[in-house]
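>>> next one to model:
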Amino acid sequence: METNNRRTAIEGPLHIESAASIGDAIRRYRAQAGLTQEQLARRTGIRRVYLSEMESGKETEQIKRLLTILHELGVTVTFEKVEWPLGRLVNLDELRSLVH
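Alright, predicted model coming up:
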């Protein structure tokens, strides 16, 4: 999959207001990490097709519910890149072992 290099560099936090903005953030952070959809899907244990749908801004039932709850509570969400303790992306099993 090709990435749009003009949008890869992320300057500051990304404000999340919709399924489309969630998808844009995921796509941009994935591209910045130099990962394909397949690689990220494998690392996170989700299907690549689902990741693609999220990146395209598809409003899944889970995302719709989350955004509705946040809106009702008057809460805004901002995504900001942080460095994990290992300094790299970890797979789901590694992440679980760090939390427990």
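
>>> tell me which helix or strand of the chain sits lowest on mean pLDDT?
helix 92-99 (a mean of 68; mean pLDDT, DSSP states H and E).

>>> what's the closest non-adjacent residue to residue 40?
residue 30 (5.2 Å; C-beta to C-beta, 6 or more residues apart in numbering). (Glycine included, C-beta is placed from N, CA and C.)

>>> neighbours of that neighbour, how many?
21 (other C-beta atoms under 10 Å).

>>> which ones are touching it?
37, 40, 55 (C-beta atoms under 8 Å, 6 or more residues apart in numbering).

>>> ok, and the most crowded of those residues?
Going by other C-beta under 10 Å, residue 55 tops these with 21 neighbours.

>>> tell me which element the spatially most central residue of the chain falls in.
Among the residues of the chain, the one closest to the centroid is residue 26, at 3.2 Å (C-alpha atoms, centre = their mean). Per DSSP states H and E: residue 26 is located in helix 19-32.

>>> buried residues in that helix?
Residues 19, 21-31 are the ones in helix 19-32 that count as buried (16 or more other C-beta atoms under 10 Å).

>>> now the helices for the protein?
19-32, 37-44, 48-55, 61-73, 92-99 (DSSP state H).

>>> could you check how far the fourth one is from the centre of its chain?
Per C-alpha atoms, centre = their mean, to the nearest Å, the displacement of helix 61-73 from the mean C-alpha position of its chain is 16 Å.

>>> for that helix, buried residues please.
For helix 61-73, using 16+ other C-beta under 10 Å, the buried residues are 63, 67.

>>> show me what that helix is packed up against.
Under the contact definition 3 or more C-beta pairs under 8 Å, 6 or more residues apart in numbering; DSSP states H and E, helix 61-73 sits against helix 19-32.

>>> just the C-alphas of the helix it packs on, formatted as PDB.
Only the C-alpha atoms of helix 19-32 are listed here, as PDB (Å, rounded to 0.1, in the frame of the first residue of the first chain):
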ATOM      1  CA  ALA A  19     -14.600   8.000  12.600                       C
ATOM      2  CA  ALA A  20     -12.900   9.700   9.700                       C
ATOM      3  CA  SER A  21     -10.500  11.600  12.000                       C
ATOM      4  CA  ILE A  22      -9.700   8.300  13.900                       C
ATOM      5  CA  GLY A  23      -8.900   6.700  10.600                       C
ATOM      6  CA  ASP A  24      -6.800   9.600   9.400                       C
ATOM      7  CA  ALA A  25      -4.800   9.400  12.700                       C
ATOM      8  CA  ILE A  26      -4.300   5.700  12.500                       C
ATOM      9  CA  ARG A  27      -3.200   5.900   8.900                       C
ATOM     10  CA  ARG A  28      -0.800   8.800   9.500                       C
ATOM     11  CA  TYR A  29       0.800   7.200  12.600                       C
ATOM     12  CA  ARG A  30       1.100   3.900  10.800                       C
ATOM     13  CA  ALA A  31       2.800   5.500   7.900                       C
ATOM     14  CA  GLN A  32       5.100   7.500  10.200                       C
END
